[in-house]
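In: Sharing a model prediction with you, sequence too.
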There are 2 protein chains.
Amino acid sequence: MKIVGINVKNLRKEKDLSLRGLASKVGVSASLISQLETGKVAPSLETLKKIATALDSTVSALVGENIVQTNNPFLRKADRKSLNSLKEGVQMFLLTSKDYNKQMEPLLFKLDPKASSGKAMYKHFGQEFVLIIKGTLEVMLNDVNYILRKGDSLYFNSNTPHQFKNIDRGITEAVWVVTPPTF
Amino acid sequence: MKIVGINVKNLRKEKDLSLRGLASKVGVSASLISQLETGKVAPSLETLKKIATALDSTVSALVGENIVQTNNPFLRKADRKSLNSLKEGVQMFLLTSKDYNKQMEPLLFKLDPKASSGKAMYKHFGQEFVLIIKGTLEVMLNDVNYILRKGDSLYFNSNTPHQFKNIDRGITEAVWVVTPPTF
DNA sequence: TTTATTTGTTAAGCATTAATTAACACAAGA
DNA sequence: TCTTGTGTTAATTAATGCTTAACAAATAAA
């Protein structure tokens, strides 16, 4: 019995990688990747792990252990979908499955060092809650600067002009919950 | 380079299975299981999946992917106020300063090992968002069990009956955002 | 104690297959 | 046209997953 369906093709396409591109990152032949995707061969655990890391994914996702279901309340970390980053070095991930009648929009922000929201101040309706998971974030609210470290949080109305910037040497992670949902 | 550390031994011991016992369930030789546990051989994906199901576990767990870490908008971690715990071993902290006209209520839950919400199912209005910061939380939604590990999240309507329990050996921490605020 | 199970480990060999190289057809530009 | 890039497949080889068998050590039963 052959195992079929290593989900590398979709992930590869999402990252806009060719067979040879991924193969070189992983350190195997392009032919092998093709054979995996077409279900002709099951990879070894070693290469499967390499592929997972090369795709910023997990073995779990590649072997299809994820519960996929419409209106699924559960979202595994590995299944987070990233949004188009509004600025360089700013990654945003949805913390919920799509297609849900939500009142809140929980996001995860990952900011590279020195990454910021840009010069423009954001201003919109609703409210926002920020909790720092890792790193240090500088948030400007109405010309007032707040330095948020791990565990610190912030709650403000979205119509107050706001900016933010990662002032940590490493990556800063923050849970960002917005109401109402905009994405 | 050899892959070491397929976590089958601990899981096998937990289920009080011998090498031969597990081997017969999986359909392989006891020798193979031993070689896996001692890191002499990496299993094929096919047998790895069989082992996972035989142990009521997942490939992800076996390869070790889930072990696995005043109107003032600003709230420092040290200034968090704790709420009266509704159950033993369940600590709740407000993640906002009080006296704020909020649409959301962000909380931090800290659960001692085995601590739970009790037998009664909660049911109220609004919506809830849960994100695991540390540990492992079991959440029951309408008779469906979800195992949330670090980074996993959950979004559900509050009127669906729900329970939760810390099934980690250590403390479990979760960000819990409720709308509308109730505290 | 003696005997008998049961435990986990290892050696050796086999059979499976993961992975390679090479060549292939097809499409998109230059 | 020629070139470059795409994905796929055939054939071969090298690697290794898996087996059987025998092993010592621990526990249980006689």
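Out: Yes, it's here.

In: Distance-wise, check residue A:42 relative to residue B:55.
Out: According to CB to CB, to the nearest Å, residue A:42 and residue B:55 sit 20 Å apart. For every residue, glycine as well, the C-beta is placed using N, CA and C.

In: When these two are compared, which one has more neighbours?
Out: Each of residue A:42 and residue B:55 has its neighbours counted (other CB atoms under 10 Å in any protein chain shown); residue B:55 has more, 21 against 18.

In: after the least confident helix or strand in chain A by mean pLDDT, next one along is what?
Out: In chain A, no helix or strand scores lower on mean pLDDT, DSSP states H and E than strand A:74-75, which sits at a mean of 58. Counting by DSSP states H and E, the next helix or strand C-terminal to strand A:74-75 is strand A:82-83.

In: Neighbouring strands - and their directions - for that following strand?
Out: Partners of strand A:82-83 in the sheet, by DSSP bridges, are strand A:90-94 (antiparallel).

In: Would you mind identifying the next helix or strand past the strand it pairs with?
Out: Per DSSP H and E, the first helix or strand lying C-terminal to strand A:90-94 is strand A:105-111.

In: so what are the domain limits for chain A?
Out: In terms of domains, chain A is parsed into A:8-62, A:77-179 (source: automatic domain parsing).

In: Show me which residues of chain A sit near DNA strand C.
Out: Residues of chain A lying close to DNA strand C by CB under 7 Å from any atom of the strand are A:27-32, A:35, A:41-44, A:46-47.

In: where in chain A is pLDDT low?
Out: Counting by pLDDT under 70, chain A has low-confidence residues at A:1-6, A:66-80, A:84-86, A:97-103, A:119-126, A:143, A:180-183.

In: And the strands in it, which stretches?
Out: Counting by DSSP state E, chain A has strands at residues A:74-75, A:82-83, A:90-94, A:105-111, A:127-134, A:136-141, A:144-149, A:153-157, A:162-166, A:172-179.

In: In TSV: those, plus mean neighbour count and distance to residue B:18.
Out: Shown next, in TSV, are the strands of chain A (neighbours: other CB atoms under 10 Å in any protein chain shown; distance: least, CB to CB, whole Å):
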stretch	mean neighbour count	distance to residue B:18
strand A:74-75	24	34
strand A:82-83	13	45
strand A:90-94	19	43
strand A:105-111	23	43
strand A:127-134	22	42
strand A:136-141	20	51
strand A:144-149	15	50
strand A:153-157	22	50
strand A:162-166	22	52
strand A:172-179	22	43
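
In: how about those strands in CSV, adding distance to residue B:173?
Out: Below are those laid out as CSV (distance: least, CB to CB, whole Å):
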stretch, distance to residue B:173
strand A:74-75, 18
strand A:82-83, 24
strand A:90-94, 19
strand A:105-111, 16
strand A:127-134, 10
strand A:136-141, 19
strand A:144-149, 16
strand A:153-157, 14
strand A:162-166, 23
strand A:172-179, 12
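
In: Which of the residues of chain A next to DNA strand C fall in helices?
Out: A:30-32, A:35, A:46-47 (DSSP state H).

In: Would you mind confirming that residue A:88 is in contact with residue A:117?
Out: No. In this structure, residue A:88 is not within contact of residue A:117 by CB atoms under 8 Å, at 11.0 Å.

In: More neighbours: the two, which one.
Out: residue A:117 (19 against 10).

In: Pull the contacting residues for the more buried one.
Out: Residues counted as contacts of residue A:117 (CB atoms under 8 Å, 6 or more residues apart in numbering or on different chains) are A:86-87, A:90, A:162-165.

In: for residue A:145, which residues make a bridge with it?
Out: On the basis of DSSP bridges, residue A:145 is bridged to residue A:140.

In: shouldn't it be in contact with residue A:138?
Out: Yes. Between residue A:145 and residue A:138 there is a contact under CB under 8 Å: 6.3 Å.

In: Give me the common contacts of the two.
Out: In contact with both residue A:145 and residue A:138: no residue, using CB under 8 Å, 6+ apart.

In: For chain A, what lies in contact range of DNA strand D?
Out: For chain A, the residues in contact with DNA strand D (CB under 7 Å from any atom of the strand) are A:18-21, A:30-31, A:34-35, A:37-38, A:40, A:44.

In: Can you report how many residues lie near the residue nearest to residue A:88 when sequence neighbours are not counted?
Out: Nearest residue to residue A:88, sequence neighbours excluded (CB to CB, 6 or more residues apart in numbering or on different chains): residue A:115, at 6.6 Å. Neighbourhood size, residue A:115 [other CB under 10 Å]: 20.
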